[in-house]
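*Asks:* based on what follows, work out the 3D shape:
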Amino acid sequence: MTDQRTRTATRARRGRRTAVGVCLTALTLLTSLTPLTGVSAYAQDLTLNETGSTLLYPLFTTWVDAYTKSHPGVHITAGATGSEAGIQQVLAGKVHIGASDAYMSDADIRQHPDIINVPLAIAAQTINYNVPGLNGTHLKLDGPTIAAIYTGTVRDWDAPQIAALNPGVSLPHHAIVPIRRAEGSGDTFVFTQFLSYSTPSWESDHGYGTTISWPNAPGAMTATGNTGMLQTLQNTPYSIGYVGVSFTDKLAAAQLGTVALKNGAGEFVLPSKDTITAGAASLGPRTPPDERLSLVFAPASGAYPLVNYEYAVVSTKQPDPTTAAAVRRFLLWAIVPSETNEAYLDTVHFIPLPPHTWELSQAQIQTIR
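*Replies:* Sure thing, here's the model as predicted:
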């Protein structure tokens, strides 16, 4: 019998989870990336264009600032347009790098065999809410209950399904306002993957993707980007939504609540460096050579269930060798293990790639020509 976790990825289908292994060293790569002069090896100015994931955007801009200071011949533009837009812009040849929380489907890969999906880091998503008087309490929710909120089956904060998960908590009798992304979003991909993996009825009726046919839940609202999700949550009492972990500090400043999610081991877990690492460690070793893998709803104890790779979606056929070399060099720099790079990741609550995935990402990047 085929393991459900190794099903092929398509929109409204489960993600791929298979296994492979390799081993190299960080020192060799780091040495190869260091120009002898300490500045750019390019004789003339060169511009790389990136757009896509709003979850990855805060980290990407940090990378760009650091990289361009030490490589003055290279200019990099970055945009926060959503994962789907990032992928589509790469497919159209309009940008060099598309940032995405979602990996491309098998169907899209067949149509675009020169496109690769390269993990750069590991991120996560938080489920947040604005319930007056309870934002300091980490309400407990599971996938089926969240799915019921987004279908409109569970409509009030004191519904029996929520009360059963939160004994002793005084829940208000007030309508829930579910918020979802308006644009094609990798956050939506990861969030609906979690609902699909944890709730069979959601998988069969709605599935997952950067965009899906959302159920018509009463009072539901939409927001654009993670910034829009945060602002809409903040401005809408009794709301609930999903936000990228890179916005954790802003969520805390806005005094919004964070859900303790039920994981695949039946535990209620908050997002943290340790729980995100546990989630990635549980499933990461299954990463195949093309690196399209879901890290959602890991079965391990202590694992946070909404974890994902952050991808650079790139064409292996660049316009010219100089551009190809610039793309390779930047991406290899971004993933090289170092205290400096880990400090960049810490600022947005990401974690670095484990050795197995790092080796696979290097191998994919080296195919860019």
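*Asks:* show me where pLDDT drops low in the stretch 1-150 of the chain?
*Replies:* 1-44 (pLDDT under 70).
*Asks:* show me the beta-bridge partners of the residue lying closest to Val259 once chain neighbours are set aside.
*Replies:* With C-beta to C-beta, 6 or more residues apart in numbering as the measure, Ile127 is the residue that lies nearest to Val259, at 3.9 Å, once sequence neighbours are left out. Just so you know, the C-beta spots here come from the backbone N, C-alpha and C atoms, and that holds for glycine as well. Applying DSSP bridges to Ile127 yields these beta-bridge partners: Tyr242.
*Asks:* neighbours of Ile127, how many?
*Replies:* 20 (other C-beta atoms under 10 Å).
*Asks:* quick check: it vs Asp290, distance?
*Replies:* Using C-beta to C-beta, to the nearest Å, one gets 29 Å for the distance from Ile127 to Asp290.
*Asks:* ok, Asn216 next?
*Replies:* Asn216 sits 36 Å away from Asp290 when distances are taken as C-beta to C-beta.
*Asks:* higher neighbour count, these two?
*Replies:* For Asn216 versus Asp290, the count of surrounding residues by other C-beta under 10 Å is larger for Asp290: 18 against 8.
*Asks:* spell out, range by range, the helices that occur in the stretch 251-369 of the chain.
*Replies:* All helices of the stretch 251-369 of the chain, identified by DSSP state H, counting those that start in this stretch, fall at 273-283, 321-335, 339-347, 355-365.
*Asks:* okay if I get the ones you listed as TSV plus mean pLDDT, distance to Ser315 and mean neighbour count?
*Replies:* Compiled in TSV, the helices of the stretch 251-369 of the chain are given as follows (pLDDT from 0 to 100; distance: least, C-beta to C-beta, whole Å; neighbours: other C-beta atoms under 10 Å):
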stretch	mean pLDDT	distance to Ser315	mean neighbour count
helix 273-283	97	27	21
helix 321-335	98	9	19
helix 339-347	97	25	13
helix 355-365	98	12	20
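*Asks:* ok, which of these comes nearest Asn308?
*Replies:* helix 273-283 (9.1 Å; C-beta to C-beta).
*Asks:* residues contacting the residue positioned nearest the centre of the chain?
*Replies:* Centre of the chain computed as the mean C-alpha position; nearest residue by C-alpha atoms, centre = their mean is Asp101, 3.6 Å away. With C-beta atoms under 8 Å, 6 or more residues apart in numbering as the criterion, the residues that contact Asp101 are 53, 55-56, 83, 123, 185-187, 189-190, 244, 308, 310-311.
*Asks:* phi, psi for the nearest residue to it once chain neighbours are set aside please.
*Replies:* Nearest-residue entry for Asp101: Gly186, 2.6 Å, with adjacent residues in sequence omitted and distances by C-beta to C-beta, 6+ apart. When quoted as degrees, to the nearest 10, the phi and psi of Gly186 stand at phi -70, psi -30.
*Asks:* and Gly186, what does it touch?
*Replies:* If you count contacts by C-beta under 8 Å, 6+ apart, Gly186 has them with Gly52, Ser53, Leu55, Gly82, Ser83, Glu84, Ser100, Asp101, Ala102, Thr210, Asn308.
*Asks:* now the last one. Nearest residue, chain neighbours left out?
*Replies:* Residue nearest to Asn308 in three dimensions, not counting chain neighbours: Val190, with 4.8 Å by C-beta to C-beta, 6+ apart.
*Asks:* could you pull out the buried residues of the helix or strand where Thr227 lies?
*Replies:* Counting by DSSP states H and E, the secondary-structure element that holds Thr227 is helix 225-235. Buried residues in helix 225-235, counted by 16 or more other C-beta atoms under 10 Å: Gly225, Asn226, Gly228, Met229, Leu230, Thr232, Leu233, Gln234.
*Asks:* is Asn49 in a bridge, and if so with what?
*Replies:* Assessed by DSSP bridges, Asn49 has beta-bridge partners Thr77.
*Asks:* hmm, it is touching Val95, no?
*Replies:* Yes. Counting by C-beta atoms under 8 Å, Asn49 touches Val95, with 4.3 Å between them.
*Asks:* those two: which is more packed in?
*Replies:* Comparing Asn49 with Val95 by other C-beta under 10 Å, the one with more neighbours is Val95, at 25 against 16.
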